[in-house]
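Visitor: predicted model, plus sequence, below.
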Amino acid sequence: MIRTLLATLVAFAFIFFLGGPLFLYAVLSGDTDPLYWAGLQGTRAALRVAGVRLDVRNQEKIPRGRPAVYMPNHQGNADPPAVFVLLPPVLVLAKKEFFRVPILGRAMKLRGFIPVDRRDRERAIEAVERAAKSLRAGNSFLVFPEGTRSPDGRLQPFKRGVFIMAIKAGAPIVPVSVSGSARIMRKGEFAIHPGVMRITFHDPVPTEGCAIQDRARIMDVVRRVILSGLAPEERPVEAVASDK
């Protein structure tokens, strides 16, 4: 619990003491890069203090020079920061509650992060349309295709919206397998348990030239690729049974 408190203090120190002045600078100048850099450093520092170590594999598969949609599985609260620090600059589709945090929420909006109201279908569709437009403008995105954290660490069914977003923009999807996160920060717990997260990047899945009708096929490809980087206890029960 001491590590958890220290990591939280580090994160909030960056948000309020460094993020505040840089947020003001971003508002006045329109330049959000220093603010993004501060968020990146604060996230890295919080992970170190929390005792979270990253075993990163195939990072060279990250596309360079073009926007992409990064799709990791979602085992726990440690996933977003752990994947975020490994990527080139990205925007995030995040649940609207994060945007209520003082300074942080305003900074996310200023940077171009997009809030998603998962309880309102029309607004969720609106968010996907905004993200597709931003992708076409050259911005990469980090999204979680399951839509929420897994209750037991096993891969859950995927939501369609983020795949439609990628198809509409013709952007490649980079599947990312996150393994070991469920043991570090379990759903419903505030405590962070020190440990190793294995993060595996896979070959991009192209969507250029695809139609919305292709989404089921693309979803299946991405799902099978993510599963290949997970431990048996992190795969759906039916997937483990089919492997035997």
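Guide: Noted; the coordinates are in hand. None of these values were measured; they are calculated from a predicted model.

Visitor: and residue 103, what's its pLDDT?
Guide: Residue 103 is assigned a pLDDT of 76 by the prediction.

Visitor: that one: what's it in contact with?
Guide: Residues in contact with residue 103 (Cβ atoms under 8 Å, 6 or more residues apart in numbering) are 15, 16, 19, 20, 23. (C-beta placed from N, C-alpha, C; glycine too.)

Visitor: would TSV of these with distance to residue 40, pLDDT and secondary structure be doable?
Guide: Shown next, in TSV, are those (distance: Cβ to Cβ, whole Å; pLDDT from 0 to 100; DSSP: H, G, I helix; E, B strand; the rest coil):
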residue	distance to residue 40	pLDDT	secondary structure
15	13	69	helix
16	17	71	helix
19	12	75	helix
20	17	79	helix
23	15	87	helix
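
Visitor: from those residues, which is closest to residue 76?
Guide: residue 15 (20.9 Å; Cβ to Cβ).

Visitor: how much space separates residue 206 from residue 138?
Guide: Computed as Cβ to Cβ, to the nearest Å, the residue 206 to residue 138 distance reads 17 Å.

Visitor: the more surrounded of the two?
Guide: Taking other Cβ atoms under 10 Å, residue 206 and residue 138 do not tie; residue 206 has more neighbours (14 against 10).

Visitor: neighbours of the closest residue to residue 143 other than its chain neighbours, just the number please.
Guide: If the residues on either side of it in the chain are set aside, residue 143 comes closest to residue 162, at 4.4 Å by Cβ to Cβ, 6 or more residues apart in numbering. Using other Cβ under 10 Å, residue 162 has 26 other residues around it.

Visitor: wouldn't residue 162 be in contact with residue 142 here?
Guide: No: look at residue 162 against residue 142 with Cβ atoms under 8 Å: they stay out of range, at 10.2 Å.

Visitor: from residue 51, how far off is the residue nearest to residue 143?
Guide: Distance, residue 162 to residue 51, using Cβ to Cβ: 31 Å.

Visitor: how about residue 195?
Guide: Using Cβ to Cβ, residue 195 is found at 7 Å from residue 51.

Visitor: surely residue 42 touches residue 16?
Guide: No: Residue 42 sits out of contact with residue 16 when judged by Cβ under 8 Å, with a separation of 10.4 Å.

Visitor: pLDDT (mean, whole number) over stretch 141-157?
Guide: pLDDT averaged over stretch 141-157 gives 93.

Visitor: report all helices and strands that the helix or strand harbouring residue 227 contacts.
Guide: Here residue 227 sits within helix 215-228, counting by DSSP states H and E. In terms of contacts (3 or more Cβ pairs under 8 Å, 6 or more residues apart in numbering; DSSP states H and E), helix 215-228 is packed against strand 69-72, helix 161-169, strand 173-179.

Visitor: which of these is buried the deepest?
Guide: strand 69-72 (a mean of 27; mean count of other Cβ atoms under 10 Å).

Visitor: what about the next helix or strand after that one, average pLDDT?
Guide: Next helix or strand after strand 69-72 toward the C-terminus (DSSP H and E): helix 79-84. Across helix 79-84, pLDDT averages out at 94.

Visitor: what do you get for stretch 30-40?
Guide: pLDDT averaged over stretch 30-40 gives 92.

Visitor: can you check stretch 195-213 too?
Guide: Rounded mean pLDDT across stretch 195-213 is 96.

Visitor: and it, what's buried?
Guide: 197, 198, 199, 200, 201, 202, 204, 205, 207, 210 (16 or more other Cβ atoms under 10 Å).
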